[in-house]
Every structure is written in structure tokens, then in C-alpha cells.
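Chemist: compute the structure for the input listed below.
(one chain, ligands or ions: 3)
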Amino acid sequence: MMEYKVNPMDEVMNAFEIEFTVDPYGDGHINDTYIADSRPKYILQRINTSIFTNPQKLMENIEGVTKHLGKIIKENGGNPDRETLTVIKTKDGKLFYKASDGSCYRMYKFIDHTISLNLPENPHQFESSAKAFGRFQNMLADFDANSLYETIPDFHNTPKRTDALKKAMADNVAGRKDEVQDIYNKYLEYENDCATITLDLESGAIPKRVTHNDTKLNNVLFDATTKEGICVIDLDTVMPGSLLFDYGDSLRFGASTAAEDEADLDKVWFDLEYFESYTRGFLSELKDKITAREVELLPVSALTMTYECGIRFLTDYLNGDTYFKIHYPDQNLVRAKNHLKLCQDIASKLEEMKKIVAKYV
Ligand code: ADP
Ligand code: GN1
Ligand code: MG
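Modeler: Ligands and ions are numbered 1, 2, ... in the order given. Predicted coordinates:
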């Protein structure tokens, strides 16, 4: 994680020609997010340039995608200012500002009167997030995938994520190998089952679509009054992928009975009522587009995305916590153990999940 060498906020303020004070904001694991308190408010983000190494191309993706979404939202009688992100350019017309210390800042309109959640409060709310992600997918169906720069290559290539874990074990840079040997072995029991989606994408058995790729619940904003999901945010990883990534990742995060870093594993279960709500919401938007093979893989996509994210946490722990933000020393290990428990519970429920899916197609 980068640390400030100087406080470049005065410089940033000058670049955007907006006067504000900043406070850290939100629970993202990747960028440094601030609320820029001014009238109106803005979101200011220091882009994580160790992960997103080409911020210009990243922001061109986001500008292209949000313009496309804004046009469709407007045509449908919606409000683009609330239903998608709006990039605020610098006063010299750039999509982000590179400060003199090298850090890169972008600004968005703040979407006011919304809430962001780390666990759904009820199944209806989770279903509403599924509809928001489903609509997002629909609105990008005719977006030119070739115009998108791949911000993180092989982001959801699960076999390559497994290879990275194996390498991290072999390299053992942080000296944590022995401590994780047992959960490492248990994770690898799912290695083959969790390679299917990547292999099917490669063979063409399932279609490549423009997908969000990071569909956790706190990447959708809910209207504070109606509590309906209104705006999909965090567009850094919008890239060609599978809709199974979006479906599965939402379930990994939101159908768990506990937070992603809950250490008490007795509290961590995969909740089939939430699974059903999400499935109903997602398929209500996408039932005309989804293929038979994608339907077949819906249950295993929840296992796959939980496995993949879990082994990414474990890999990061082995590598000395260089990727995900952590708030205490073994948080990545706690997250990895949590997701292993969730994988085990999902694996035991796959047959029931198939029956639930069949109700909605
Ligand atoms: P990260 O990539 O680190 O996850 P996000 O883009 O998801 O960063 O932003 C972190 C949090 O900030 C979000 O979960 C949300 O709560 C809040 N947020 C981001 N953009 C906006 C916005 N335009 N309006 C209101 N809240 C926002
Ligand atoms: C990160 O950026 P954020 O916090 O919404 C990560 C996701 C993980 C997630 C785990 C670019 O999401 O892939 O699933 O943490 N984003 C990136 O909570 O790596
Ligand atoms: Mg986020």
C-alpha cells in the first residue's frame, strides 16, 4: 500500500477548481476514497496505481462506459446523475489529475441520499441489488468490448489464480507457509470444479460479455428512502468476462450470513433464502439473454467466485499483504478462512441450489 509522502490535497483542489475538505469514505479494499465536502459534494479517489498501472486507459474505460450508460438511462426516462457515475474532469479537461508526488486522483459526482451496505439487511434488498447488476449487464450488452482496455489481465482466470497461490506457497516470502498449509490443502480440493467457467469461456461454450467483475454489495448504492439498488459503482474492472463472474461474486459476498472477515466461523454460512432472492432478481433481468450452459453453471459460479476470492486473500497473506487493504495483521488470513468455510457450505448445497435456479428459468 502506498503512503503519503506529502499531502497533495491543495494541489488536487487547485487542479479541479473546487474548494473542499476531505474525509476518508467507504469500505473499498483497493483505492483511497474520500468524500470531498463542498457544495455539491464529490467523491475523490486516489487511484491505486500499483494495481491499475495505466490510469489514463482505466479512466477512458470508465468515461466510455458511464457515457454509454448515461445515454440509455436518459432514453429510459431515468436520471443519469443518480443512476450511474459521472466523472468530473480537471479544469484542463483531463479524466484524472497526476499530482507532483506521482499519485493520481479522480473525481466523481457524489450520489447523495444513498446508502452502501456490507451485508444485506433483508432478502428483498439483496434481490434489488441483483436487479441493479442485471440491468447494468443489459445496458452494456451492445457496448463494444474491443474498445475496453483490460485493466487487470486474467482478473477472473481462476486456474491462473490457483497458479499464483501455488507460487506464493513455493516462494513463501513472508514465511507464512507452514501456518496456512492445512487451509491451502483444503482449498485445492475445489481447484478442478472451479476451473470450469474459465475453461468454458476459453472454449466458447459460454459467451464473453462486458461484465462488471466486482459485484459485491457495497459496489451498488441504494436509495436511502426507497432502499432500492439504484447505481452500480466501482467500474475499475468493467471488462469482457462472463455474467457468471458477476452473479457468483455477488453471492460470495451477500449470501453469506456474516461479513467477509468474520473470524467466528460458526457464524459463516451460505444462506439459501438470500441465494434464491438474488437468483430471482438477476434472472428477472437476464432470462432472455442467458444461455442454457450459463444457467447450468449458476450454482457452481458461487463456489468458483468464493474459491477464487478466498485464494486471492490467502495468496496476499503469503505474499505479505501487498494487494488488499488490511486493518489488522492477519486480516487476509481471517478472510481466507472465512471463505474456505463458505466454499465448504456452498459445495454441500449445490444440488439444492440447482433446484432453486430451475424455478426461475
Ligand atoms: P474501491 O475500488 O476501493 O472498492 P469504490 O469505488 O468501491 O472503491 O468506493 C468505495 C466506497 O465509496 C463505495 O463502496 C461507496 O460506499 C462509496 N462511493 C464510491 N463512489 C461513490 C459516489 N459516486 N457516490 C457516493 N458514494 C460513493
Ligand atoms: C476488491 O475494490 P473492492 O473493495 O470493491 C477486489 C475484488 C474482491 C473484493 C473482495 C480490483 O473489491 O476483486 O472480490 O475486494 N477488487 C479488485 O472484497 O481487486
Ligand atoms: Mg468497491
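
Chemist: mean confidence for stretch 338-352?
Modeler: The predicted model assigns stretch 338-352 a mean pLDDT of 98.

Chemist: which parts of that stretch are buried?
Modeler: Residues 338-347, 349 are the ones in stretch 338-352 that count as buried (16 or more other C-beta atoms under 10 Å). Heads up, the C-betas are built off the backbone N, CA and C, glycines and all.

Chemist: next one: stretch 159-173
Modeler: Buried residues in stretch 159-173, counted by 16+ other C-beta under 10 Å: 159, 161-162, 164-165, 168-169.

Chemist: out of those residues, which are close to ligand 2?
Modeler: Among these, none lies close to ligand 2 by the criterion of C-beta under 6 Å from any ligand atom.

Chemist: residues contacting the closest residue to residue 224 other than its chain neighbours?
Modeler: Leaving out its chain neighbours, the residue that sits closest to residue 224 by C-beta to C-beta, 6 or more residues apart in numbering is residue 113, at 4.8 Å. For residue 113, the contact set (C-beta atoms under 8 Å, 6 or more residues apart in numbering) comprises 223-225.

Chemist: out of those, who's nearest residue 327?
Modeler: For those, the minimum distance to residue 327 (C-beta to C-beta) is 26.1 Å, reached by residue 224.

Chemist: which residues touch the closest one?
Modeler: 113-115.

Chemist: before we move on, what about residue 297?
Modeler: 196-197, 200, 206, 244.

Chemist: show me what counts as buried in stretch 44-63.
Modeler: 44-49, 52, 55, 58-59, 61-63.

Chemist: mind listing which of the residues you listed are in helices?
Modeler: 55, 58-59, 61-63 (DSSP state H).

Chemist: want to throw the residues you listed into CSV with pLDDT?
Modeler: As requested, those are exported to CSV (pLDDT from 0 to 100):
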residue, pLDDT
55, 98
58, 98
59, 98
61, 98
62, 98
63, 98
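
Chemist: residue ranges with poor pLDDT in the stretch 51-200 of the chain?
Modeler: Residue ranges of the stretch 51-200 of the chain with pLDDT under 70: none are present.

Chemist: tell me where it has helices.
Modeler: Secondary structure of the stretch 51-200 of the chain by DSSP state H, counting those that start in this stretch: the helices cover 55-75, 80-83, 123-139, 158-171, 177-188, 196-203.

Chemist: look up how far ligand 2 lies from the closest residue to residue 110 other than its chain neighbours.
Modeler: Nearest residue to residue 110 in three dimensions, chain neighbours excluded: residue 41, at 3.8 Å (C-beta to C-beta, 6+ apart). As for residue 41, its distance to ligand 2 is 20 Å (criterion: C-beta to the nearest ligand atom, to the nearest Å).

Chemist: can I assume residue 279 is in contact with residue 126?
Modeler: No: assessed by C-beta atoms under 8 Å, residue 279 is found out of contact with residue 126, at 10.2 Å.

Chemist: now flag whichever of the buried residues of stretch 159-173 is closest to residue 27.
Modeler: For these, the minimum distance to residue 27 (C-beta to C-beta) is 22.7 Å, reached by residue 161.

Chemist: give the contact list for that closest one.
Modeler: So residue 161 contacts 308, 311-312, 315 (C-beta under 8 Å, 6+ apart).

Chemist: can you report phi and psi for residue 35?
Modeler: In terms of degrees, to the nearest 10, the main-chain angles of residue 35 are phi -90, psi 130.

Chemist: ok now do it, which residues does it touch?
Modeler: So residue 35 contacts 22-23, 25, 41-44, 110 (C-beta under 8 Å, 6+ apart).

Chemist: in strands, which of the residues you listed appear?
Modeler: Secondary-structure check on the contacts of residue 35 using DSSP state E: residues within strands are 22-23, 42-44.

Chemist: for these, which one is nearest ligand 3?
Modeler: Nearest to ligand 3 among those, counting by C-beta to the ion, is residue 43 at 11.3 Å.

Chemist: and the stretch 201-350 of the chain, which residues reach ligand 3?
Modeler: 219, 234 (C-beta under 5 Å from the ion).

Chemist: all strands of the stretch 201-350 of the chain, in order?
Modeler: With DSSP state E, counting those that start in this stretch as the criterion, the stretch 201-350 of the chain has strands at 209-211, 220-223, 229-232, 239-241.
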